[in-house]
Each structure stands twice: as structure tokens, then as C-alpha cells.
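Engineer: fold the stuff below for me.
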Amino acid sequence: MSFSSPPTDRVLARRRAIGDQIRAARLYANLTQETVALRAGMGLVSYNRIEQAHSSPLLDTLIRIADAIGVPLAELVREE
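Structural biologist: Prediction:
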């Protein structure tokens, strides 16, 4: 199944919120983007694009990021 339509405003807003939550958790853990990317087994540019909400990560990638930061996945994707 392929989705060709652009993401809705709600999806973009959630993507930004998740990026913000990832950044906050990373900063709270006193980690650099480079450290998290390395621990998660991904490139720094790819990681940065997720934090900046320029790309939409796969669930597996979010799990690896949560593990790299040392937080539960739910902390990164919770809605407030």
C-alpha cells in the first residue's frame, strides 16, 4: 500500500511534537545527537532529520532511539 498524499496538519504537528520529545529526552540524558545516532545505529543526518521533524521514522527506528537514550518508547510518543 502506498500513500502519495502529503501528511495532514495533525500528522505534521505530531511529528514535530515527537521530535521535540526526543530532543528533550536526549538533552535531559545529557547526550549529543551524535551519541544517540551512534548508539541507535544510524547516521547523524538521519537522526537530526527526525528530531527536526523533517522525516518520519519507522517504529523500529523509534525503538532504537528510545533504547539509545535510555527511556521507554512511550515517553517519546506520548500525547499531551
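Engineer: now do the phi/psi pair for N30.
Structural biologist: Dihedral pair for N30: phi 60, psi 50, per degrees, to the nearest 10.
Engineer: for I69, same thing?
Structural biologist: phi -80, psi -30.
Engineer: which residue packs closest to R64, ignoring adjacent ones?
Structural biologist: A40 (4.2 Å; C-beta to C-beta, 6 or more residues apart in numbering). The way it works is simple: take the backbone N, C-alpha and C, and place the C-beta from them, glycine included.
Engineer: any idea how far the one you found is from S5?
Structural biologist: 29 Å (C-beta to C-beta, to the nearest Å).
Engineer: these two: who's more crowded?
Structural biologist: A40 (21 against 5; other C-beta atoms under 10 Å).
Engineer: contacts only, for that one.
Structural biologist: 47, 61, 64-65, 67-68 (C-beta atoms under 8 Å, 6 or more residues apart in numbering).
Engineer: show the buried residues in these.
Structural biologist: 47, 61, 64-65, 68 (16 or more other C-beta atoms under 10 Å).
Engineer: next secondary structure after the helix or strand hosting Q21?
Structural biologist: In the assignment (DSSP states H and E), Q21 maps to helix 9-28. The helix or strand immediately downstream of helix 9-28 is helix 33-40, counting by DSSP H and E.
Engineer: which stretches of the protein aren't confidently modelled?
Structural biologist: For the chain, the stretches flagged by pLDDT under 70 are 1-4.
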